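Colleague: A structural model of the following input is requested.
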Amino acid sequence: MSDLIISDKVSAVAKRDIIDLQQKIGGFYSGETPEEAFRKFRLTRGVYGQRQPGVQMIRIKLPYGRITADQLVRIADTSDKFATGNLHATTRQDIQLHFVKLSDSPQLWADLEDAGITLKEACGNTIRNVTASSIAGIDPDEPFDVTPITHSIFSYFLRNPINQDMGRKFKIAVSSSEKDTALAFIHDVGLIAKMGQNEAGETVRGFKVLIGGGLGAQPFSAQTAFEFLEEEKVIPFIEAMLRVFDRYGERVRRHKARMKFLLNDLGLEGMMEKVEEERKAVRNKIFQIPEDLFGTNEYEAINHAPRPSLSEAEILKIAAESIEADKLDIFTKWLRTNTFEQKQKGWYAVQLRVLLGDMNSDTARSLADVVRQYAADDIRVTVNQGYILRFVKGEDLVALYHELAKLGLAAPGFDSTMDITTCPGTDTCNLAISSSYGITRVLEDVMRDEFPEMIYNQDIKIKISGCMNGCGQHNAANIGFHGSSIKNGKLVLPALQVLLGGGFSGDGIGLIGDKVIKVPTKRGPEVLRLIFNDYEANALDGEYFNQYYLRQTKNYFFQLLKPLADLTTVQDDDYRDWDHDELFKTEIGVGECASVLVDLVATTIIEGQEKLNLAKESFQSDVWADAIYHAYNVFITGAKGLLMSKDVTTNTQYGIINDFETHFGADFKYNVPAEFAVENQAETPFKALVFSINKFEPSEAFASYFINTAESFLNFVRETREAQLIETGEPALQELSFGKDS
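Modeller: Numbering: from 1, shown residues only. Have a look, this model is predicted:
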């Protein structure tokens, strides 16, 4: 592996992360680092295995989708250097690069960090990218700008010990208004901005708080934890809930390990009780959200400079001077569907519809030049895989349109029915069953040619995923599809599971779609034709699609589409997926949760030492809450390691401590100072010790005691494991692997 080049602009913590990644890659190549441990490590660094062997997908974490023009150029340059020259925008407002060599990922990360862009915690069992309404700050319907709190949530939990090794991923979204444009209702934590009253009766900023939403094979709509929670209490609440999820969440059965299942098990009242128990131990009881995120810059300056508004007629008059009459209709469609006047009068937002979310690196660099000339240096990736430019002058809209048209970025119909959201599917993903890209292109062509009016329809959203896991958010669409397969005799056909009725109802309630029927993939266009024609013929005046679906019922649509599921009429072409000439076969790759045949006990002890080192670092930095939580993770990790040595499997942290008490509790000797003794006699001694983290304020004294006890515990674990190995005649643990003082 080549030497890393890391600029002085990269922070010390990011530099250490990058160097750690390179060292772990070296250890993986040499066989020193087991595959399972390495997989978990690299995922939390944004490095994800692709369907194609030997290459990686790199997920770039962009909180609320914000990037500057310079950062967009840096991502484009990085894609040219290490990937394919393509930038793929995702439904979580990230940008992904594909076909990257594992050995190149540290330098790729270093190049991005030089521009203030991170990969940290973009994948893995941690808090994923924090998304938000892409129109936050310019939304005419918003009570206030949610950008500051979204950025604060991102920065507060980045590298936070409470979410480094959870049972599963955790997703947070922040919507700027009750229209819920960030889809808060499908997230583990969803926040919807609103004004309300605090305890003193003052009108203050806050949020409706939703918890436990999620998609995948068993989708759940989120439940309401608070109708109104003051802004300053939001981050402490999320921190407390994460601590509960970390401790009680499932860790073995991946399909049951999301927050939605824990909420279902505990019930909303039980969940909120446990969250309240954590209040004493959180780092901050309130957290004031800073207003000035980026300092004084062009964005802040023009934010307070209203301009005269221009009517559509005035803009079209400007357009007529440079656009031929027969092409003016296309511009008019673009103006009506891709632009809107911001809440800042006289300023306009321009939304870019991007097919499949893919943008060539040359196009990205040219777009950055356009932004520098015509818009604020604040580009946002949108949840429907497009981009939005902000603070464009009305008189510049025509000139901007010409520049975007040259780049192929002036297609009208942003976020309309015709603007389909899709995941990459079998093009790159290990878990995909069928092609998402192919069917997306075909359906958009069908609408363009046969249903051109859908370019103006904002009611019906179409979303497609390559499998049931929901990266394309198909469960939250009015019309959703996910890739599947159908067996017909000895052959297998690529198929689409059709879902209807998801997204938003006519009165703004978030809904999960119903699975209606499965049909061969090549019949997807006919599904769309039947649904659209039926809706047009039978819907009541002004009736939204979801209202129509609920009135007609699921069975009505099942009967409507049932002839398309008839396999007695399949043709040879039905056995081939879109964009493919070969016969279809299911080739689901190994996901990121495969087991390994290595000594995971030794690996776990090494991990415990790393957490102990982090506890000491946090203590030296006077961050007591983080130090305590790192030490808590030493107990959990060490106990898990010894239980593995006896083939005892547990599926929660709570279970780990219970079972450790049973098998080893009497052997670990320790002293508890009187001031930190837990009075609850129902708790066994070791359990009381470990779970005392939420019984005391995060003080220097408690942190010192807890870290010292955790270190004694890890030594006990190491000594116990050594004795086991001697007894069985296996090789001793390698001291050089533990890095006690690293």
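Colleague: how much space separates Glu278 from Lys285?
Modeller: Computed as C-beta to C-beta, to the nearest Å, the Glu278 to Lys285 distance reads 11 Å. All C-beta atoms are positioned from the backbone trio N, CA, C, and that covers glycine.
Colleague: actually Ile318, not the one I wrote
Modeller: Distance of Ile318 to Lys285, given as C-beta to C-beta: 54 Å.
Colleague: compare those two (neighbour count), which wins?
Modeller: The neighbour comparison of Ile318 against Lys285 (other C-beta atoms under 10 Å) goes to Ile318, with 16 against 11.
Colleague: not counting its neighbours along the chain, what's nearest that one?
Modeller: Nearest non-adjacent residue to Ile318, counting by C-beta to C-beta, 6 or more residues apart in numbering: Val398, 5.0 Å away.
Colleague: now do Val252
Modeller: Asn651 (3.9 Å).
Colleague: I'd like to know how many residues surround that neighbour.
Modeller: By other C-beta under 10 Å, neighbour count at Asn651 equals 15.
Colleague: dihedrals phi and psi, it?
Modeller: Dihedral angles of Asn651 (phi, psi; degrees, to the nearest 10) stand at phi -120, psi 10.
Colleague: mind naming the longest helix for the chain?
Modeller: Counting by DSSP state H, the longest helix found in the chain is helix 700-728.
Colleague: and for the closest residue to Ile186 other than its chain neighbours, the neighbour number?
Modeller: Setting aside the residues directly before and after it, Ile186 is nearest to Gly213 in space (C-beta to C-beta, 6+ apart), at 4.5 Å. Gly213 has 27 neighbours, counted by other C-beta under 10 Å.
Colleague: now do the one 5 residues further on
Modeller: Summarising burial for Gln218: neighbours were counted as other C-beta under 10 Å, giving 15.
Colleague: and the residue nearest to Val252, what does it touch?
Modeller: Glu250, Arg251, Val252, Arg253 (C-beta atoms under 8 Å, 6 or more residues apart in numbering).
Colleague: which two from the residues you listed end up farthest apart in space?
Modeller: Arg251 and Arg253 (8.3 Å; C-beta to C-beta).
Colleague: which one's more surrounded, those two?
Modeller: More crowded of Arg251 and Arg253, by other C-beta under 10 Å: Arg251, with 21 against 10.
Colleague: and the helices in the stretch 101-250 of the chain?
Modeller: For the stretch 101-250 of the chain, the helices defined by DSSP state H, counting those that start in this stretch cover 105-113, 147-157, 234-248.
Colleague: roughly how far does Leu642 sit from Val350?
Modeller: Counting by C-beta to C-beta, the gap from Leu642 to Val350 is 59 Å.
Colleague: same question for Val174.
Modeller: Val174 sits 23 Å away from Val350, going by C-beta to C-beta.
Colleague: what do you get for Glu700?
Modeller: 52 Å.
Colleague: the more surrounded of the two?
Modeller: The neighbour comparison of Glu700 against Val350 (other C-beta under 10 Å) goes to Val350, with 27 against 11.
Colleague: my read: the more buried one touches Ile388, true?
Modeller: Yes - with contacts counted by C-beta atoms under 8 Å, Val350 reaches Ile388, the gap being 7.1 Å.
Colleague: re earlier: flag every buried residue along the helix or strand encompassing the residue nearest to Ile318.
Modeller: Assessed by DSSP states H and E, Val398 sits inside helix 397-406. For helix 397-406, a neighbour-count test (16 or more other C-beta atoms under 10 Å) marks Leu397, Val398, Ala399, Leu400, Tyr401, Glu403, Leu404, Ala405 as buried.
Colleague: contacting residues around that helix?
Modeller: Residues contacting helix 397-406 (C-beta under 8 Å, 6+ apart): 315, 318-319, 321-323, 331, 334-335, 339, 348, 350, 352, 366, 370, 373-375, 389, 392, 410.
Colleague: show me which of those are buried.
Modeller: Buried members of those, counted by 16+ other C-beta under 10 Å: 315, 318-319, 323, 331, 334-335, 339, 348, 350, 352, 366, 370, 374-375, 389, 392, 410.
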